[in-house]
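Q: Give the three-dimensional model of this entry:
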Amino acid sequence: MDFYGSTADELRTWATGLGMPAFRGQQIFDGIWQPHALTWSAVPGLPRDLLARLEAVGPLAPATEERRQESADGTIKSLLRLRDGALAECVSIPTADRHTICVSSQVGCAVGCTFCASGLNGVERDLSAGEIAYQVLHHWRHRQVTNVVFMGSGEPLFNYDNVIKAIRLLGEERGLGLGRRRFTVSTSGVPKRIRQLADDEPQVTLAFSLHAADDQTRSKIVPLNRRWPLDEVLDAMQDYSAKVSRRMTLEYVLLGDDNMTVDHAERLAGVAQRFNAHVNLIPFNPVFATPHRRPSEAEIEEFARTARAFGANLTVRGQRGADIDAACGQLRKRVEDAGS
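A: Prediction:
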């Protein structure tokens with residue numbers, strides 16, 4: 001039973017199916033979303049016979065913390081060991097007025113971006129809705145969460161149904177109560193699902209991991225582009241923006257010697273202007289076993305200045321967690337390699 005992946009209605013149905021009153025299912029739902037509830041015995045109000053039954057099913061939490069790294073800047077990366085032994089990462093990113101959790105949607109990743117450790121060994125499986133949602137609760141226990149970004153391991157739109165259900169579970173008023181505008185879903189470009197997201201969750205922010213605005217460069221660093229070239233993805237984004245009033249974001253990892261020419265800056269600005277999108281420039285966070293280098297501060301400033309001159313509205317994202325394995329998939333890869 002994926003308790004954290006079950007709605008209150010589903011738990012009420014589950015309870016009645018076992019001969020219990022429906023309110024017991026609601027009681028379980030309300031109790032497990034309390035940040036202090038780490039075990040079944042910590043869920044308030046459960047009768048002794050039901051508690052014994054639940055404990056016989058297995059532990060409440062769908063994961064345990066295998067490894068934890070804390071950065072000097074406050075960033076915390078947790079490596080979670082799931083019940084089947086698989087590993088998934090989630091990251092806590094606190095600032096003065098926000099607490100953002102970066103969650104994974106898959107174990108590994110099928111996209112294979114050349115600058116990312118997540119896809120070095122491909123994808124193992126999708127995470128369940130409960131395994132996704134639990135990543136947020138895991139960090140909520142230390143500080144209330146304000147925002148959730150699907151920018152961890154995996155392509156969220158390849159695990160669409162579980163991602164959408166996790167968002168809805170995290171938004172339940174009797175759960176954590178996060179509003180839809182607190183969520184950002186990042187995609188490397190899955191046209192069918194981009195269009196579907198506009199219909200299913202129009203209040204969620206869409207972030208497109210662009211990284212290059214021409215097919216030649218993008219196919220080199222984002223292999224998914226060979227399946228869905230830019231024109232096809234941008235057509236889907238056009239349909240999306242026609243339905244959704246939310247301003248979308250373009251994510252652009254700056255890779256020294258790969259996607260930082262004047263032509264790259266001009267093409268990036270053109271896409272940003274087409275969708276009135278905001279650009280997040282992300283200086284490459286060095287990852288072992290990848291072929292790229294982090295650009296110098298001078299190179300970053302020059303590219304940003306050039307893209308702005310062509311009309312892009314952009315921000316250069318500050319580096320977080322530089323003193324830990326904060327890059328996507330890096331800690332999981334290091335632990336798996338050490339155990340092999």
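
Q: What sits closest to the residue nearest to the spatial centre of the chain if chain neighbours are left out?
A: Nearest to the geometric centre of the chain sits residue 150, at 1.8 Å (C-alpha atoms, centre = their mean). In this structure, residue 150 finds its nearest non-sequential neighbour in residue 156, 4.3 Å apart by C-beta to C-beta, 6 or more residues apart in numbering. Using the backbone N, CA and C atoms, a C-beta is placed for each residue, glycine as well.

Q: So what's the residue count around the one you found?
A: 30 (other C-beta atoms under 10 Å).

Q: Pop out the phi and psi values for it.
A: phi -50, psi -40 (degrees, to the nearest 10).

Q: can you check residue 69 too?
A: phi -120, psi 130.

Q: try residue 274
A: phi -60, psi -40.

Q: do the one 4 residues further on as well
A: Note on residue 278: its backbone torsions stand at phi -90, psi 140 [degrees, to the nearest 10].

Q: How much space separates it from residue 316?
A: 12 Å (C-beta to C-beta, to the nearest Å).

Q: Could you check how many residues crowd around residue 83?
A: Residues near residue 83, counting by other C-beta under 10 Å: 12.

Q: ok, and the closest non-adjacent residue to it?
A: Using C-beta to C-beta, 6+ apart, the closest residue to residue 83 is residue 62 (6.1 Å).

Q: and that neighbour, how many neighbours?
A: 23.

Q: residues contacting it?
A: By C-beta atoms under 8 Å, 6 or more residues apart in numbering, the contact list for residue 62 reads 2-4, 82-83, 128, 130-131, 134.

Q: Could I have the CA atoms of stretch 113-124 written out in CSV?
A: Output in CSV follows, covering the C-alpha atoms of stretch 113-124 (Å, rounded to 0.1, in the frame of the first residue of the first chain):
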residue,chain,number,x,y,z
CYS,A,113,22.1,15.1,-20.8
THR,A,114,25.9,15.0,-21.1
PHE,A,115,26.4,17.5,-18.2
CYS,A,116,24.3,15.5,-15.7
ALA,A,117,25.2,12.5,-13.5
SER,A,118,21.5,11.4,-13.2
GLY,A,119,21.5,9.6,-16.6
LEU,A,120,24.9,8.1,-16.6
ASN,A,121,23.4,4.6,-15.8
GLY,A,122,20.1,5.2,-17.6
VAL,A,123,16.7,5.0,-15.8
GLU,A,124,15.8,2.1,-13.4
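
Q: what mean pLDDT does it have?
A: Averaging pLDDT along stretch 113-124 gives 90.

Q: What segments of the stretch 201-340 of the chain are helices?
A: Using DSSP state H, counting those that start in this stretch, the helices assigned to the stretch 201-340 of the chain run over residues 215-221, 230-243, 262-275, 297-309, 330-339.
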